[in-house]
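Q: quick one: sequence plus predicted model below, questions after.
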Amino acid sequence: MVISGKFNVVEAKEAISKRFDRLSPKEKVYKKKNYLQAKLIFEGADIIFRDHLSDTTNNNMVWNPDPKQHAVLSSGGKDSLLSFGLLREMGYRVHPIFLNESGRHWYTALNAYRYFKENVPYTSRVWTNSDRIFNWMLKHLPFVRGDYSKIRSDEYPIRLWTVAVFLFGSLPILMKRGIGRLVIGNEFDTTHRSSHKGITNFDGLYDQSRYFDESLSRFFNKKGWGISQFSILRPLSEILIEKTLVEKLAAEGGRDRSQGRGQKARIAQTRAAAIAPDLVLVERQHLVQGQKDGIHGQHSTVG
């Protein structure tokens, strides 16, 4: 429920409760054995993955990953670019893995993917329709206003676990190549717990926190897959990440060609220009327009 642009929690709960009460007992509890409309068959999977498996008995699949190989969940933004560059600088074999969405995020990642595909070995792309599913879910929630997609904001109506979908989407590549390290580009900004009216919660984005990394690493090891998930940028602030990236680009004779129009992209452009204006090529009209509309625009990722 939205009254004068504000969310009314009480009315939203009442609306959901009334809908639930009208359902029959069978409708309230409905669990299917399989939610797929197709049967997935991986032909030759036993041959492809055999070199990295040590036990396939009793439905167990124990992987033998190489801890010196690192997969970086990539988007073309500053966090994943710096993570890739630092790991490669340290001499590790790095696999940039891009998740191809069908929405706005992929627009910002596409240029980076095309460059990496042509110039960087082991670059891969995984297609997913998760953003379409999330949009479908949002349209069916009675307490989310119908025109949410037209609101000029960098916020989500309901925070959904997009990072988890991307991580699990990359696992087949890790399994096939025997990769033991899964790296995500997150700075130390959401690893914090708080309490609201006696209810302990994760204050921020749980799926971009150290708690999430540790939980997923335990899950992977419990399954026998031997994968460790982490970020090498946890001790760094956003401005320090931007500074390090710009300085390394300068050392290699490159420039930051930031051209995004979203709020986060404009913030990154402004920081980079403040740090090293001679090394940054920014489309000036984007910044001017950003100043006019309060640095708002279509959502785009730079992480």
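A: Received the coordinates, thanks. Just so we're clear, the structure is a prediction, and the values are computed from it rather than from any experiment.

Q: would you map the strands across the stretch 1-150 of the chain?
A: Counting by DSSP state E, counting those that start in this stretch, one finds strands in the stretch 1-150 of the chain at the ranges 2-3, 6-7, 53-55, 62-63, 66-74, 93-100, 124-127.

Q: as a markdown table, those strands with mean neighbour count, distance to Thr191 and mean pLDDT would be great.
A: (C-beta placed from N, C-alpha, C; glycine too.) Converted to a markdown table, the strands of the stretch 1-150 of the chain look like this (neighbours: other C-beta atoms under 10 Å; distance: least, C-beta to C-beta, whole Å; pLDDT from 0 to 100):
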| stretch | mean neighbour count | distance to Thr191 | mean pLDDT |
| --- | --- | --- | --- |
| strand 2-3 | 12 | 32 | 42 |
| strand 6-7 | 10 | 27 | 54 |
| strand 53-55 | 13 | 34 | 60 |
| strand 62-63 | 18 | 27 | 80 |
| strand 66-74 | 21 | 18 | 94 |
| strand 93-100 | 23 | 23 | 93 |
| strand 124-127 | 16 | 26 | 92 |
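
Q: in CSV, list the ones you listed along with distance to Ser237.
A: Formatted as CSV, the strands of the stretch 1-150 of the chain follow (distance: least, C-beta to C-beta, whole Å):
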stretch, distance to Ser237
strand 2-3, 35
strand 6-7, 31
strand 53-55, 41
strand 62-63, 35
strand 66-74, 20
strand 93-100, 23
strand 124-127, 30
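
Q: which one of those strands lies nearest to Ile158?
A: Closest to Ile158 of these is strand 6-7 (C-beta to C-beta; 11.0 Å).

Q: how is this structure carved up into domains?
A: The chain is divided into the following domains under automatic domain parsing: 64-236, 238-303.

Q: ranking those by mean pLDDT, which is last?
A: Here those differ in mean pLDDT, and the lowest is domain 238-303 at a mean of 55.

Q: out of the domains of the chain, nearest to Ser17?
A: domain 64-236 (11.2 Å).

Q: ends of that closest one, how far apart?
A: With C-alpha to C-alpha, to the nearest Å as the measure, domain 64-236 spans 32 Å from end to end.

Q: list phi and psi for Trp225.
A: Per-residue torsions, Trp225: phi -90, psi -20 (degrees, to the nearest 10).

Q: okay, now it: neighbour count?
A: Other residues near Trp225 come to 18 when the count uses other C-beta atoms under 10 Å.

Q: thought it was touching Pro65?
A: Yes. Between Trp225 and Pro65 there is a contact at 7.2 Å, judged by C-beta atoms under 8 Å.

Q: tell me the contacts of the residue nearest to Leu233 when sequence neighbours are not counted?
A: Nearest residue to Leu233 in three dimensions, chain neighbours excluded: Glu187, at 5.0 Å (C-beta to C-beta, 6 or more residues apart in numbering). Glu187 sits next to Asp79, Ser231, Leu233, Arg234, Leu236, Ser237, Glu238, Ile241 when contact means C-beta atoms under 8 Å, 6 or more residues apart in numbering.
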